[in-house]
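[1] what shape does this take:
(one chain, ligands or ions: 1)
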Amino acid sequence: MVKRLYGWMSFRMRLKICYVMLCVFSVTLIITTYHLFGAEDTQNEPKSHIVKKNTETQYIMDKKIQELENRIIQLERNGPKKFPNVKNLNYKDKKRILVSGGAGFVGSHLVDRLMSDGHSVTVVDNFFTGNKKNIEHWIGHNNFEVINHDIVNPLFIEVDQIYHLASPASPPHYMLNPVKTIKTNTLGTINMLGLAKRVGARLLVASTSEVYGDPEIHPQSEDYWGHVNPIGPRACYDEGKRVAEALCYAYARKENIEVRVARIFNTYGPRMHIHDGRVVSNFIFQALENLPITIYGTGKQTRAFQYISDLVEGLLALMNGNYSFPVNLGNPDEYSIEEFAYLIKNFVGSSSPIVFKEGLEDDPQKRKPDITRAKTYLNWSPKITLEEGLQKTVDYFRKEVEMSRKQENTNMK
Ligand SMILES: O=C(O)[C@H]1O[C@H](OP(=O)(O)OP(=O)(O)OC[C@H]2O[C@@H](n3ccc(=O)[nH]c3=O)[C@H](O)[C@@H]2O)[C@H](O)[C@@H](O)[C@@H]1O
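    Residues are numbered from 1 along each chain as shown. The predicted structure is shown next:
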């Protein structure tokens, strides 16, 4: 019968039947595969199971993205590195400049400026508080070199100028190892001055508003000799910097070294470490995380905050000018710490409570720079308002907080 029917059908008809059978077979195959390996019956699944499955999928995807990101970074490393733009200076104008502590917060911003101006820059850092990340964008550039070295030991290189910034500057950091802080500021400064003497370089030392201690005059001008407790917990830094200044003028008098002394007041900006411990970084971090904003003491003590780019301008003007006595570099815009806490809280739009903690021993109660000297001799004054500076700093901290959160999540998985 089948044979007869087959014989009776035309060729076209046979082809059509084959086609229909093939379609039916394909659909059956797809449905079977779907049931065997694909969709499970999610309707009857408990909700927690679905959530778990989503989290697992998310985890696998995150891991894959992380792997790809790492590969991209690796590939970028292998390719020719792109550097920020630098000026092309002629042989006469191009200086060889050493920056001790060049991987730190202030140092790295100064390095950026010196590199952009076309100079040849050598960073020396022991990476105690400095961070390679701050200078990594210059690594490999012809004008740039980094030496992992502790300036407590002598250094022999050829340079025209030395910016001597190496020292921890945040109170919790410099108090962590007070003997080391004293060594860095005394032996380290002797070694930098020794180098300056050998090669005939001009040296600028980063001193501090802390040489005025807990000041009895307000605002502080450079002719004020200060009010420092020589045996208190801050003495390692305050007295260390006072010795550094004394050493500079001793070398200037006896060895004809050209010295510059910058008394730097509270400075803030991007690249401060999230856990630096100073008031600006603490308050911003706490506000971003909606953690309690911690005021030490009454909050009536005052500080005046300068943005990092203003400081860098001031350092360059001082180094390259003719004035050789100490100069205050700071922004005279003064706030009480309590005022500052509310200001940051509102600026960030945070719901952090503001809490009072025990005050710090020997904490200076008033601080504000008199910048008449800087204006007169360097034609310098700060340009960046607190609002502008905070915007850039908060943006930076926001990214840092996000990154460390991502990192924590990856580590936990
Ligand atoms: O930022 C700087 O450039 C200066 O920082 C420090 O001097 P200090 O003024 O004591 O710096 P902070 O630790 O930022 O403290 C400022 C004030 O805020 C208070 N503070 C700090 C941190 C905090 O969480 N809460 C808080 O109330 C401190 O008690 C202090 O009264 C250094 O000692 C100086 O050398 C440096 O120039």
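[2] gap between the nearest residue to Leu329 once chain neighbours are set aside and Pro332?
    Spatially, and ignoring its direct neighbours in sequence, Leu329 is nearest to Gly314 (4.0 Å; Cβ to Cβ, 6 or more residues apart in numbering). Using the backbone N, CA and C atoms, a C-beta is placed for each residue, glycine as well. From Gly314 over to Pro332 the distance is 13 Å, taken as Cβ to Cβ, to the nearest Å.
[3] these two: which is more packed in?
    With neighbours defined as other Cβ atoms under 10 Å, Gly314 and Pro332 compare such that Gly314 has more, 23 against 15.
[4] for the strand or helix carrying that one, name the packing helices and strands.
    Taking DSSP states H and E as the criterion, Gly314 maps to helix 308-320. Counting contacts by 3 or more Cβ pairs under 8 Å, 6 or more residues apart in numbering; DSSP states H and E, helix 308-320 packs against helix 105-116, strand 161-164, strand 202-208, strand 259-264, strand 267-268, strand 327-329, helix 372-378.
[5] partner strands of the third one and their direction?
    Strands that pair with strand 202-208, judged by DSSP bridges, come out as strand 161-164 (parallel), strand 259-264 (parallel).
[6] next: the fifth one.
    As defined by DSSP bridges, the strand partners of strand 267-268 come to strand 306-307 (parallel).
[7] what residues of the helix holding Gly314 count as buried?
    Residues Ile308, Ser309, Asp310, Leu311, Val312, Glu313, Gly314, Leu315, Leu316, Ala317, Leu318, Met319 are the ones in helix 308-320 that count as buried (16 or more other Cβ atoms under 10 Å).
[8] who touches it?
    105-106, 109-110, 113, 161, 163, 202, 204, 206, 260, 262, 264, 267-271, 327, 329, 331, 374, 378-380, 382-384, 389 (Cβ atoms under 8 Å, 6 or more residues apart in numbering).
[9] buried residues, the longest helix along the chain. List them.
    With secondary structure taken from DSSP state H, the chain has its longest helix at helix 47-78. Within helix 47-78, no residue counts as buried by 16+ other Cβ under 10 Å.
[10] could you give the mean pLDDT of that helix?
    Averaging pLDDT along helix 47-78 yields 77.
[11] tell me which other helices or strands it touches.
    Packing partners of helix 47-78 (3+ Cβ pairs under 8 Å, 6+ apart): helix 386-412.
[12] the helix it packs on and the ligand, are they touching?
    No - counting by Cβ under 6 Å from any ligand atom, no contacts exist between helix 386-412 and the ligand, the nearest distance being 12.4 Å.
[13] got the angle for that helix vs helix 308-320?
    Going by axes from the mean of the first three to the mean of the last three Cα atoms, to 10 degrees, helix 386-412 is angled at 110 degrees with respect to helix 308-320.
[14] tell me what helix 386-412 is packed against?
    Judged by 3+ Cβ pairs under 8 Å, 6+ apart, helix 386-412 is in contact with helix 47-78, helix 279-288, strand 306-307, helix 337-348.
[15] what lies in contact with the second one?
    What that stands for is helix 279-288. The contact list for helix 279-288, computed with Cβ under 8 Å, 6+ apart, reads 266, 268, 272-276, 291-294, 303, 305, 337, 340-341, 344-345, 347-348, 350, 352, 390, 393-394, 397-398, 401.
[16] just to revisit the earlier point, Arg253 is nearest to which of the helices and strands packed on helix 386-412?
    Ranking the helices and strands packed on helix 386-412 by their distance to Arg253 (criterion: Cβ to Cβ) puts strand 306-307 first, at 30.7 Å.
[17] how far away from the center of its chain is the closest one?
    Strand 306-307 has its C-alpha centroid displaced from the chain centroid by 15 Å (Cα atoms, centre = their mean, to the nearest Å).
[18] contact partners of it?
    Strand 306-307 has contacts (Cβ under 8 Å, 6+ apart) with 265-269, 329-331, 382, 384, 386, 388-389, 392.
[19] okay, domains of this protein per the record?
    For the chain, automatic domain parsing gives the domain ranges 50-79, 96-412.
[20] weakest of the ones you listed in terms of mean pLDDT?
    Note on the domains of the chain: domain 50-79 shows the lowest mean pLDDT, a mean of 78.
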